[in-house]
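# 3D, please:
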Amino acid sequence: MQYKITHHTKTINATIDLPTSKSISNRLLIIRALCQQNFTIHKLATADDSQLLLKALNFNEAKIDVGAAGTSSRFLTALLAITKGNWYLCGTERLHKRPIETLVNALINLGADITYAKKEGYLPLNINGKMLEGGKINIAGTISSQFISALLMIAPTLKKGLQLNIKGNLVSTPYVQMTLKLMQNFGIAHTWEDHQITIAPQQYKAKDYTVEADWSAASYFFTIAALAKQSKLLLNGLFENSVQGDQQIQQITDQLGIKSFFMKPYLHLIKAGPSNNKFIFDFTECPDLAQTVAVYCAALGIGAQFTGLQTLRRKETDRIAALQNELAKIGVSFTSTDEIHFELSGKADLNLPTPTFETYEDHRMAMAFAPLALILPEIIIEDPMVVSKSYPNFYKDLEKMGFEVAEIS
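Model (predicted):
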């Protein structure tokens, strides 16, 4: 399937009700499963990832297929390890190529019974769930913060609790902080000193919770506001004091020509004039914003230096290679000589033939590139419905802003 996206007036005037956060929703679903009492999650994310996890937590079948949901697969690996029963955890072919050995080894060191059903180090997994001893373990902080979050959420249920020693620099720190803040909201105490997080055995305390809107989803509208000839954009559902690290999009785009401010209940986006012609940023704490900001800079011809992208090779796709391939279609280069420092140079060429942007089974590729319809006569998105992973109504919200979205194949 392909979508052709156009925008004839290049003017935006809209109020958008953003989807709620799947990152928060997924953590809440695991916490609820660990509680001895049920509680209500208001505004649970409608994203595929969260709905697949919700279904899996019914535990109706021994075989649990999480599709392409990477976060859910990591969280469920830990949860199933302490849930009595024999479980088979699997997903899509792409998910089976994403390494999970670091998490599995950590769980085995805590007493878990997990074996690989096919390839060593990857899903699918055979898991014999049982009560775990817990204790002290080491884990690399440079691989995935989701591994750490998965371990932290089950920590209070372990006989000896958990002393987690993080080796090396921790990537995506705000996601670990989010996990701990949500656990604290449900009565779980912890200590975090230097590179050591300690959680004693204790019980979660049930209470209803309302999920805030997703700052990752909000980020695409900052690009839209920047590329429109005129724009008045109001975003609904965001929390000013958010637990989400991707709120950093406000600080990033403040340097790039978009001012944002809260006037309840909305976040207002305002074009503030010419942006900087050079941008330098470390994305270690918010890697999910990298694609958004790369396209933003490419569209406006802002030279940029990116660091902190070390986890992007292991996401839904190799996001570095994907960005390099797709930005080249509009005449922009995204290069590196050392896998640490990346240089973006050039400006989107408006005279090239209509580009067809591949999405690589990655929702963020589709949403990051869609705003380019504001500066190009038209664009085409391949496999556009990958957005359902996090933002099922993305194209409907584009149409609210005057974009025309047409299925062409």
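
# And the residue nearest to Y220 when sequence neighbours are not counted, how far from R98?
Leaving aside its sequence neighbours, Y220 sits nearest to M367 (CB to CB, 6 or more residues apart in numbering; 4.9 Å). Where C-beta positions appear, they are placed from N, C-alpha and C, glycine not excepted. Counting by CB to CB, to the nearest Å, the gap from M367 to R98 is 20 Å.

# Ok, K167 next?
Distance, K167 to R98, by CB to CB: 21 Å.

# L89 too?
From L89 to R98 the distance is 13 Å (CB to CB).

# more neighbours, those two?
Between L89 and R98, counting by other CB atoms under 10 Å, L89 is the more crowded of the two (23 against 20).

# quick one: that one and A78 touch, right?
No - counting by CB atoms under 8 Å, L89 sits too far from A78 to count as a contact (10.8 Å).

# Tell me where the protein has helices.
Here the chain has its helices, by DSSP state H, at 22-34, 48-56, 70-81, 101-109, 145-154, 173-185, 215-227, 249-254, 290-300, 319-328, 363-369, 394-400.

# any chance of these in a markdown table, with mean pLDDT, mean neighbour count and distance to S388 too?
Output for those, formatted as a markdown table (pLDDT from 0 to 100; neighbours: other CB atoms under 10 Å; distance: least, CB to CB, whole Å):
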| stretch | mean pLDDT | mean neighbour count | distance to S388 |
| --- | --- | --- | --- |
| helix 22-34 | 97 | 24 | 11 |
| helix 48-56 | 93 | 22 | 5 |
| helix 70-81 | 96 | 26 | 14 |
| helix 101-109 | 96 | 19 | 26 |
| helix 145-154 | 96 | 25 | 20 |
| helix 173-185 | 96 | 20 | 22 |
| helix 215-227 | 97 | 26 | 12 |
| helix 249-254 | 95 | 19 | 22 |
| helix 290-300 | 96 | 25 | 17 |
| helix 319-328 | 93 | 20 | 18 |
| helix 363-369 | 96 | 27 | 8 |
| helix 394-400 | 98 | 17 | 8 |
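
# So which of those is nearest T284?
Taking CB to CB, helix 173-185 is the member of those nearest to T284, at 7.7 Å.

# Centre of the chain to that closest one, how far?
Averaging C-alpha positions (CA atoms, centre = their mean, to the nearest Å) puts helix 173-185 15 Å from its chain's average.

# Could I get the helices of the chain in CSV, plus columns for distance to K130?
Shown next, in CSV, are the helices of the chain (distance: least, CB to CB, whole Å):
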stretch, distance to K130
helix 22-34, 15
helix 48-56, 19
helix 70-81, 8
helix 101-109, 11
helix 145-154, 12
helix 173-185, 22
helix 215-227, 36
helix 249-254, 42
helix 290-300, 40
helix 319-328, 37
helix 363-369, 35
helix 394-400, 41
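
# distance between stretch 373-391 and the chain's centre?
The chain centroid and the centroid of stretch 373-391 are separated by 18 Å, computed with CA atoms, centre = their mean.

# Now that stretch: buried residues?
For stretch 373-391, the neighbour count (16 or more other CB atoms under 10 Å) marks 373-376, 379-391 as buried.

# pLDDT below threshold where in the protein?
274-275 (pLDDT under 70).

# Show me the domain layout of it.
Here the domain parsing of the chain from automatic domain parsing is 2-20+212-407, 22-200.

# Let me know which of those domains is the nearest to A206.
Across the domains of the chain, closest to A206 is domain 22-200 (CB to CB), at 3.9 Å.

# From one end of that closest one to the other, what's the distance?
One end of domain 22-200 to the other measures 27 Å (CA to CA, to the nearest Å).

# coming back round to it: where do the contact lists of L89 and R98 overlap?
Common neighbours of L89 and R98, using CB atoms under 8 Å, 6 or more residues apart in numbering, are 73, 123.

# list the contacts for K84?
For K84, the contacting residues are 129-130, by CB under 8 Å, 6+ apart.

# From I30, how far out is it?
The gap separating K84 from I30 is 17 Å, by CB to CB.

# what's the answer for G301, then?
Relative to I30, and taking CB to CB, G301 is found at 43 Å.

# first to last residue in stretch 348-363, what's the distance?
Start to finish, the residues bounding stretch 348-363 are 22 Å apart (CA to CA).

# And the contacts of it?
With contact meaning CB under 8 Å, 6+ apart, stretch 348-363 is reached by 2, 68, 92, 94, 298-299, 301, 315-319, 322, 325-326, 329-332, 365-366, 369, 372, 375-384, 386-391.

# Tell me which entries of the residues you listed lie within strands.
2, 379-382 (DSSP state E).

# Show me which of those residues is closest to Q37.
Using CB to CB, I381 comes nearest to Q37 of those, at 44.1 Å.

# Run through the residues that contact that closest one.
Contact analysis of I381 by CB under 8 Å, 6+ apart lists 2-3, 5, 356-357, 359, 366, 369-370.

# Only whichever of those residues are buried, select them in PyMOL.
For the buried members of the contacts of I381, the matching PyMOL selection, counting by 16+ other CB under 10 Å, is:
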select buried, resi 3+5+357+359+366+369+370
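
# ok, back up a step: now render the ones in strands among the contacts of stretch 348-363 as CSV, adding distance to V405.
Formatted as CSV, the ones in strands among the contacts of stretch 348-363 follow (distance: CB to CB, whole Å):
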residue, distance to V405
Q2, 11
I379, 11
I380, 11
I381, 9
E382, 14
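
# Fine, thanks again, bye for now.
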